[in-house]
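# Generate coordinates for the sequence data below:
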Amino acid sequence: MRHLRVPSAQTQRWLLHCKANGWLAEGPVRPLSDEHRGLPLSDSAPSDDHSVWEGLDVVVLEPVVPAPSHWTDRLPEPLCNLPPSTWPSAYELQGDVLMVKLEAGAEPYANEVANAMLAQLPNVRLVCADEGVTGDFRVRSLRPIASRNGNMSTKTTVREHGFAMTVDPAVAYFSSRLSTQREHTLEAVRALRQVREEPLVVADPYAGVGPAFPLLLDEPGLVSGWLAGDLNPDAVELLEDNLTRWSAGKGHEPALTVCRDALSWADDPSLRGQADVLLVNLPHDSIDHLPHLLPLLAIRRPVLIRGWAIRSRGSEEADSDQIRNMCTDGGMVVNRVSVTPVKGFSSTKAFVAFEVHGQVQQAFSS
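Numbering: from 1, shown residues only. Take a look at the predicted model:
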């Protein structure tokens, strides 16, 4: 295709001139060097040596082939004739690991799918078949299919709110969907810090790989220490790695990482009565577990509970009453309880955030 070679500084002038005379073809202006650009010419434009070009050169360039707009455009040609419903319509990305569910029709072409995705998505290192969530720890069964550089490890790094977090979706649950809720937690902890006028201890018995902590630990004077843990030992290994990085050089105390069932934490004197902030993120059981977790809270000073749960739609008032009664029965003076829907979960269920503000007057009974 013919292109008029013009000095970069004259690009706009010649674009307008060619367009006004109907000589400009569809297509991009091509960079030819630091000093020159190529303007695409239509078939009706004058000959290469015509005086209208004022001595500028006309050059022939290979036409620009648009990059495929979707990964399915990169599949081998014989597969392009298969029904579009054959191919997965969605996938999930954690760091540089892409997880895709392959239905029966796509399974025989798993390698072709993975290679097409790698070609389309330059930030992806590894493509895995997601074969569903298994076990008590909600861990994905992942089958690595293809890697860009031969590294088949599912361990990767996620960035959230500017912080690097080590995750491994094949061994520990992590979701970015509560990212905004983690910002709300920061705001709530800040508010309690203003009331208390001292750094706070945060307990997170269902911490997973620790996504609640980087925002909290980054703010000077907000958090004095933590009690963090999970029942999944693989999650705790990643949690310890992340907490070490996020807290480096800051001297937090306590700095306890626990691999234990949260229902038994209150049996440990080193954990009991330590927390100013309690985070409860076990959505199917958060509210039922509250009586077992309340003994972690500090006594005779304002405290905060933030949790997340899956509840019946429209039950916020009843849930608030239930939470208030649980805390009151444990010896807590409750100043405020809120239950706020965050998003839908099903036609009958909603994912909610709950928050409790109060003060413990006496040691909780376990």
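# On the pLDDT front, check the closest residue to residue 156 other than its chain neighbours for me.
Spatially, and ignoring its direct neighbours in sequence, residue 156 is nearest to residue 95 (3.1 Å; C-beta to C-beta, 6 or more residues apart in numbering). Just so you know, the C-beta spots here come from the backbone N, C-alpha and C atoms, and that holds for glycine as well. pLDDT, residue 95: 96.
# Quick one: the helices in the stretch 101-250 of the chain, in order.
110-120, 179-196, 213-218, 233-246 (DSSP state H, counting those that start in this stretch).
# winner for burial among those helices?
Counting by mean count of other C-beta atoms under 10 Å, helix 213-218 has the highest mean neighbour count of those, with a mean of 21.
# Which neighbouring elements make contact with that one?
Using 3 or more C-beta pairs under 8 Å, 6 or more residues apart in numbering; DSSP states H and E, the elements in contact with helix 213-218 are strand 163-167, helix 179-196, strand 200-204, strand 223-229, helix 233-246.
# which other residues reach it?
Helix 213-218 is contacted from outside by 160-161, 163, 165, 182-183, 185-186, 189, 202, 204, 207, 222-223, 226, 228, 242-243, 246-247, 250, 252, using C-beta atoms under 8 Å, 6 or more residues apart in numbering.
# can you give me the mean pLDDT across that helix?
Rounded to a whole number, the mean pLDDT of helix 213-218 is 97.
# Tell me how far it lies from the chain's centre.
16 Å (C-alpha atoms, centre = their mean, to the nearest Å).
# now do stretch 217-230
Centre to centre, stretch against its chain (C-alpha atoms, centre = their mean), the figure for stretch 217-230 is 21 Å.
# Just the buried residues of it, please?
217, 218, 222, 223, 224, 225, 226, 227, 228, 229, 230 (16 or more other C-beta atoms under 10 Å).
# and the first one, how far is that from residue 341?
Between residue 217 and residue 341 the distance is 29 Å, computed by C-beta to C-beta, to the nearest Å.
# Same check on the fifth one?
Residue 224 is 33 Å from residue 341, where distance means C-beta to C-beta.
# Number of residues surrounding the residue nearest to residue 132 when sequence neighbours are not counted?
Leaving aside its chain neighbours, residue 132 sits nearest to residue 141 (5.7 Å; criterion: C-beta to C-beta, 6+ apart). The local packing of residue 141 (other C-beta atoms under 10 Å) involves 13 other residues.
# And the pLDDT at residue 141?
96.
# got it, and the one 3 residues further on?
The per-residue pLDDT reported for residue 144 equals 98.
# Identify the residues contacting it.
Residue 144 makes contact with 126, 127, 128, 152, 154, according to C-beta under 8 Å, 6+ apart.
# can you check residue 18 too?
Residues in contact with residue 18 (C-beta under 8 Å, 6+ apart) are 4, 24, 39, 41, 45.
# Give me the subset of these lying in strands.
4, 39 (DSSP state E).
# shaky segments in the chain?
Low-confidence segments of the chain (pLDDT under 70): 363-366.
# can we see that at 80?
Applying pLDDT under 80 to the chain flags residues 63-66, 362-366.
# Find the centremost residue of it, please.
residue 176 (3.1 Å; C-alpha atoms, centre = their mean).
# how close does that residue get to residue 42?
Between residue 176 and residue 42 the computed distance is 48 Å (C-beta to C-beta).
# that older thread, give me the buried subset of the contacts of residue 144.
With burial judged by 16+ other C-beta under 10 Å, the buried subset of those is 126, 127, 128, 154.
# Show me those residues that map onto strands.
126, 127, 128.
# my read: the last one touches residue 154, true?
Meaning residue 128. Yes. Using C-beta atoms under 8 Å, residue 128 is in contact with residue 154, at 6.7 Å.
# between these two, what contacts are shared?
Between them, residue 128 and residue 154 share the contacting residues 97, 142, 144, 170, judged by C-beta under 8 Å, 6+ apart.
# The third one - nearest residue in space that isn't next to it in sequence?
Spelled out, it's residue 144. Leaving aside its chain neighbours, residue 144 sits nearest to residue 152 (4.5 Å; criterion: C-beta to C-beta, 6+ apart).
# For that neighbour, grab phi and psi.
phi -100, psi 10 (degrees, to the nearest 10).
# roughly how far apart are it and residue 119?
Going from residue 152 to residue 119 by C-beta to C-beta gives 18 Å.
# can I see the domain layout of this protein?
Here the domain parsing of the chain from automatic domain parsing is 2-60, 71-154, 176-360.
# Just say which of the ones you listed is most tucked in.
When those are compared using mean count of other C-beta under 10 Å, domain 176-360 is most buried, at a mean of 18.
# Can you give me the first-to-last residue distance of it?
This stretch, domain 176-360, spans 33 Å end to end (C-alpha to C-alpha, to the nearest Å).
# likewise stretch 80-92?
First residue to last in stretch 80-92 (C-alpha to C-alpha) measures 23 Å.
# Kindly report the same for stretch 309-321.
15 Å.
# For it, give me every contacting residue.
So stretch 309-321 is in contact with 283-284, 286-287, 337-341, 344-345, 348-352, 354, going by C-beta under 8 Å, 6+ apart.
# how about 7 Å then?
283-284, 286-287, 337, 339, 341, 345, 348-352, 354 (C-beta atoms under 7 Å, 6 or more residues apart in numbering).
# Report the contact partners of residue 169.
Here residue 169 is in contact with 94, 97, 99, 140, 142, 154 (C-beta under 7 Å, 6+ apart).
# what does residue 46 give?
Taking C-beta under 7 Å, 6+ apart, we find residue 46 in contact with residue 52.
# From residue 306, how far off is it?
Separation of residue 46 from residue 306 (C-beta to C-beta) stands at 72 Å.
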